[in-house]
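*Asks:* fold the following and give me the result.
(one chain, ligands or ions: 1)
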Amino acid sequence: MEPSNVPRRQPHVLVLPTPAQGHINPMLQFSKRLVSRGVKATLAVTVHLAASMHADPSSPVGLETISDGHDVGGFMEAGSIEAYQTDLRIVGSRTLAELIRKLDRSGRPLDAVIYDGFLPWALDVARQCSKLGVVFFTQTCAVNNVYYHVHRGLLPLPLSGPSVEVPGLPPLKPSEMPSFVYKVGSYPAFRDLLVNQFTNVDDADFVLFETFYELEKEVVEWMSANLWPLKTIGPTLPSLYLDKRLPDDTAYGIDLFTPTTSSAVSAWLSHHPPRSVVYVSFGSMADLDPSQFSELAHGLALAGHPFLWVVRSSEQHKLPRDLMDSIPSEEALILPWCNQLEVLASDAIGCFVTHCGLNSVIEAICLGVPMVAMPQWTDQTTNAKFVEDVWRVGVRARADESGVVGREEVNRRVREVVGGGERGREMAESARRWMAAAKAAIGEGGSSDRNIDEFVEELTSRASMQ
Ligand code: UDP
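*Replies:* Prediction:
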């Protein structure tokens, strides 16, 4: 039968993120985009996360679980990164296969597994179960191109020389590379995880990236011409903040932490004039030194702007109590977790002091908020380089010889962004231009919108022929 005569049926995909907030958010959002095009999408999280997370019950994306072997204690119970990764791979592979069989017995059998690049074993499981395999990368094309070159032995470690050349990228200083690449011996388990993303990528049926074409044009062109026909599908913020075409898509919908209620946050923000407040967050995983907490707090106080700082409950003991107690509550709000998108979208916010996790960076870009970059590790160092020098939407606060960003540096950088000077105005203007480009990419006919259409079209024809 000619492919055009094959009856077409809407595919069913299983979406498998790494069990972490910064991976669930983009993969869940991509799932919603697929559902809006008639695809059935089911998201799989670990049993441990499912038991503790807050999930929107009205989500159009189905929810299922696999096991990482630590249903009660999760990552903390495993004892080490290595042990957790091994358990996740072994128990995860077995329970993923069981889940695929269970979904196959349901009314709508499964066609494809869309798996996080951090979990290459999921492709082996998909293949064993005769499903299509779609890899979804949750770091930038730039960062993944670096890891790809390390994986293929094209970028020997340790790095040498003052500058590193990787095709498709501007010259990078070693310290602007991902930390696992330039800090020899730091977190070898994570380095292996990231480099091993490419062990079987050539066998994947589709290669997707969380970013958008315009943001990474040169490297996307290079990778598409030399590696795989990749598709950029972002930005992956809820539609409310971008194209508004998915009427019910107003929030990510899965929170691994309990956010402070939005009304309390917006009441505090409403007392401050436009672009006056500094928002500070280091995401879901960063583990700052107490000395860094102290320098940051003093730096924020010196800068003299009101600040809203997300400090997870497990980190709050590191805050310099005396200083914090001396700042009036209308000038400083400390929250254990918040709806970051609502905060960044507020007119009151003038600057985002961020660890440069990719989701936070893209959210700031989409909402036009200039940044002070304070990268800690992993891809954040490279993201910070792009924020400052390529996209020109922020400045990097630089650490001293002891590795701490001092209070004067924090003060100077925050003032540079919100102080009304020339550089601040330039960054705000760049931020506005990138915001427009981000919205255009996912809007009707934009680069990511077309890529998602093409993906659904190809997936549908291949699923119909299976
Ligand atoms: N986030 C949030 N509330 C907070 C802090 C962060 O909802 O108080 C979200 C943020 O919007 C982003 C994600 O958590 O989508 C963090 O991902 P990112 O890649 O920035 O950093 P990671 O946590 O992976 O280091």
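
*Asks:* so what's the spatially most central residue of the chain closest to, chain neighbours aside?
*Replies:* For the chain, N359 is the residue whose C-alpha lies nearest the centre (C-alpha atoms, centre = their mean; 3.4 Å). Setting aside the residues directly before and after it, N359 is nearest to G22 in space (C-beta to C-beta, 6 or more residues apart in numbering), at 5.0 Å. Glycine gets a C-beta too; all of them are placed from N, C-alpha and C.

*Asks:* quick one: H317 from F293, how far?
*Replies:* In this view, H317 and F293 are 9 Å apart by C-beta to C-beta, to the nearest Å.

*Asks:* how many residues are close by R425?
*Replies:* 11 (other C-beta atoms under 10 Å).

*Asks:* okay, and it sits in which element?
*Replies:* Using DSSP states H and E, R425 maps to helix 422-442.

*Asks:* next structured bit after that helix?
*Replies:* helix 447-465.

*Asks:* got the contact list for that next one?
*Replies:* For helix 447-465, contacts defined as C-beta atoms under 8 Å, 6 or more residues apart in numbering pick out 3, 6-11, 13, 30, 33-34, 37-39, 111-112, 132, 134, 205-206, 208, 212-214, 231-235, 243, 441-443.

*Asks:* report the inter-axis angle for it versus helix 422-442.
*Replies:* 30 degrees (axes from the mean of the first three to the mean of the last three C-alpha atoms, to 10 degrees).

*Asks:* return the set of buried residues in helix 447-465.
*Replies:* Neighbour counts over helix 447-465 (16 or more other C-beta atoms under 10 Å) mark S447, S448, D449, N451, I452, F455, V456, L459, T460, R462, A463 as buried.

*Asks:* farthest-apart pair in the residues you listed, please.
*Replies:* S447 and A463 (24.3 Å; C-beta to C-beta).

*Asks:* closest one to the ligand out of the buried residues of helix 447-465, please.
*Replies:* S448 (17.4 Å; C-beta to the nearest ligand atom).

*Asks:* tell me where the stretch 201-350 of the chain has helices.
*Replies:* 217-226, 262-269, 290-303, 321-326, 340-345 (DSSP state H, counting those that start in this stretch).

*Asks:* between these, which gets nearest to the ligand?
*Replies:* helix 340-345 (3.4 Å).

*Asks:* helices or strands up against the closest one?
*Replies:* For helix 340-345, the packing partners by 3 or more C-beta pairs under 8 Å, 6 or more residues apart in numbering; DSSP states H and E come out as helix 262-269, strand 277-281, helix 358-366.

*Asks:* need the ones you listed in CSV (columns: mean pLDDT and distance to G304).
*Replies:* Listed next are those as CSV, based on pLDDT from 0 to 100; distance: least, C-beta to C-beta, whole Å:
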stretch, mean pLDDT, distance to G304
helix 262-269, 94, 18
strand 277-281, 98, 10
helix 358-366, 97, 22
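
*Asks:* among these, which is nearest Y187?
*Replies:* Nearest to Y187, of the helices and strands packed on helix 340-345 and by C-beta to C-beta, is helix 358-366 at 17.7 Å.

*Asks:* show me what the closest one is packed against.
*Replies:* By 3+ C-beta pairs under 8 Å, 6+ apart, helix 358-366 packs against helix 21-35, helix 340-345, strand 349-354, helix 422-442.

*Asks:* how about Q380, what does it touch?
*Replies:* So Q380 contacts S179, H355, C356, G357 (C-beta under 8 Å, 6+ apart).

*Asks:* repeat the analysis, applying 6 Å as the threshold.
*Replies:* Contacts for Q380 were tallied using C-beta atoms under 6 Å, 6 or more residues apart in numbering; they are H355, C356.

*Asks:* same check, this time on V135
*Replies:* V135 sits next to G117, V201, A204, V207 when contact means C-beta under 6 Å, 6+ apart.

*Asks:* tell me, which helix in the chain spans the most residues?
*Replies:* Ordering each helix of the chain by length in residues (DSSP state H) puts helix 81-105 first.

*Asks:* may I have the helix or strand just after it as PDB, with CA atoms only?
*Replies:* Once helix 81-105 ends, the next helix or strand along the chain (criterion: DSSP H and E) is strand 112-116. Provided in PDB are the C-alpha atoms of strand 112-116 (Å, rounded to 0.1, in the frame of the first residue of the first chain):
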ATOM      1  CA  ALA A 112       7.200   6.400  20.500                       C
ATOM      2  CA  VAL A 113       9.300   7.200  23.600                       C
ATOM      3  CA  ILE A 114      10.500  10.800  23.900                       C
ATOM      4  CA  TYR A 115      13.300  10.500  26.300                       C
ATOM      5  CA  ASP A 116      15.600  13.000  28.000                       C
END
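
*Asks:* downstream of strand 112-116, the next helix or strand is which one?
*Replies:* Heading C-terminal from strand 112-116 (DSSP H and E), you reach helix 121-128.

*Asks:* could you give me the average pLDDT of stretch 429-446?
*Replies:* The average pLDDT for stretch 429-446 rounds to 97.

*Asks:* contacting residues around that stretch?
*Replies:* With C-beta under 6 Å, 6+ apart, stretch 429-446 has contacts from 212, 214, 235, 242-243, 365-366, 368, 370, 392-393, 447-449.

*Asks:* JSON lines for the residues you listed, including distance to P171?
*Replies:* Formatted as JSON lines, the contacts of stretch 429-446 follow (distance: C-beta to C-beta, whole Å):
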{"residue": "F212", "distance to P171": "24"}
{"residue": "E214", "distance to P171": "22"}
{"residue": "P235", "distance to P171": "27"}
{"residue": "L242", "distance to P171": "33"}
{"residue": "D243", "distance to P171": "35"}
{"residue": "I365", "distance to P171": "23"}
{"residue": "C366", "distance to P171": "28"}
{"residue": "G368", "distance to P171": "29"}
{"residue": "P370", "distance to P171": "24"}
{"residue": "R392", "distance to P171": "17"}
{"residue": "V393", "distance to P171": "20"}
{"residue": "S447", "distance to P171": "26"}
{"residue": "S448", "distance to P171": "28"}
{"residue": "D449", "distance to P171": "33"}
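
*Asks:* quick one: which two of those are the most distant?
*Replies:* Counting by C-beta to C-beta, the most remote pair of those is P370 and D449, 26.4 Å apart.

*Asks:* and the helix holding R425, which residues are buried?
*Replies:* With burial defined by 16+ other C-beta under 10 Å, the residues of helix 422-442 counted as buried are 424, 427-428, 430-431, 434-435, 437-442.
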